[in-house]
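**Q** Got a sequence here, can you build the structure:
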Amino acid sequence: MTLLSDFPDLDVPRVRRGEPHTIQTRGITLLRSGHRAVRRLKSQHAPSIHGNKVWNSSFLIMDELNRRRRAGEIDPDSHLMDIGCGWGPLSIYAAKRLGCRVTAVDADPDVFPYLALHAAVNKVEVETLRCRFERLTKQRLAGVDIITGADICFWDELTPVLFNLIRRALGQGVQRIIIADPGRSPFYQLAERCEQHFNARVVERRTQTPRSLSADLLIVDGD
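**A** Down below sits the predicted model:
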């Protein structure tokens with residue numbers, strides 16, 4: 001499914017620089033929960049799996065992707081899969097600033113109108129896929145170059161699910177997986193398992209924009 005064609009009646013605001021309830025950073029525009037367009041969507045769509053805002057760890061992954069692009073490690077035609085995409089800040093950034101083909105994945109169908117809104121505001125298109133992590137099969141992962149996920153390892157039961165997903169992805173030739181988290185214990189359990197079995201490491205990242213933020217990034221490289 002392609003977002004903009006799937007929501008033809010979406011009411012897209014004209015966002016001006018400095019407008020209240022917006023985040024304008026890294027070449028993209030994001031809407032906060034208090035923005036009138038988001039409030040309008042909330043009356044129709046209520047995400048149920050924590051897809052209720054822009055998660056801060058997304059910005060640290062954006063910076064890591066930009067570093068990789070400058071180092072020549074990301075081609076404009078790379079296929080990036082954003083798992084647990086939520087409102088889609090990473091998906092929007094990868095499509096608009098990196099020129100990637102993007103597949104935005106989430107188990108909750110009610111996040112996709114918010115993603116569509118952000119895609120329209122930023123004038124990009126991304127593909128969407130409603131799917132749980134454990135149902136991302138080898139066939140779905142084939143041809144994907146990069147997988148990203150921000151704030152997606154928040155329950156203990158997600159640790160083995162994400163570990164198995166990473167193993168499948170590496171087996172299908174995915175070149176790099178980047179998962180960010182502010183410091184939850186399930187994330188560190190996942191990181192420890194990945195460091196034992198794969199070419200993986202955890203790095204701390206910080207930024208001052210759009211405000212002072214920090215997160216740990218689990219980076220898993222393919223062979």
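**Q** can we go C-alpha only for contacts and neighbour counts from here?
**A** OK.
**Q** what about the protein, any weak spots by pLDDT?
**A** Across the chain, the ranges flagged by pLDDT under 70 are 1-5, 8-9, 46-53.
**Q** what about the strands in it?
**A** Secondary structure of the chain (DSSP state E): strands located at 22-25, 28-31, 79-83, 101-106, 127-130, 146-150, 176-181, 199-207, 213-221.
**Q** How far away from the center of its chain is the second one?
**A** By that I understand strand 28-31. How far strand 28-31 lies from its chain's middle: 14 Å, per Cα atoms, centre = their mean, to the nearest Å.
**Q** ok, the nearest residue to residue 118 once chain neighbours are set aside - contacts?
**A** Excluding the flanking residues, the one nearest residue 118 by Cα to Cα, 6 or more residues apart in numbering is residue 30, at 6.5 Å. For residue 30, the contact set (Cα atoms under 8 Å, 6 or more residues apart in numbering) comprises 22, 23, 24, 54, 89, 118.
**Q** separation between the first one and residue 96?
**A** Put plainly, it is residue 22. The gap separating residue 22 from residue 96 is 18 Å, by Cα to Cα, to the nearest Å.
**Q** just the fifth one next, same as before
**A** When distance is defined by Cα to Cα, residue 89 is 11 Å away from residue 96.
**Q** more neighbours, the two?
**A** Legend: neighbour count by other Cα atoms under 10 Å for residue 89 and residue 96, higher for residue 89 (25 against 20).
**Q** pretty sure residue 56 contacts residue 212?
**A** No. Residue 56 sits out of contact with residue 212 when judged by Cα atoms under 8 Å, with a separation of 9.9 Å.
**Q** The two: which is more packed in?
**A** Neighbour totals were compared for residue 56 and residue 212, and residue 56 leads with 20 against 9 (other Cα under 10 Å).
**Q** Could you find the closest non-adjacent residue to the more buried one?
**A** Leaving out its chain neighbours, residue 56 is closest to residue 213 (Cα to Cα, 6+ apart), at 7.2 Å.
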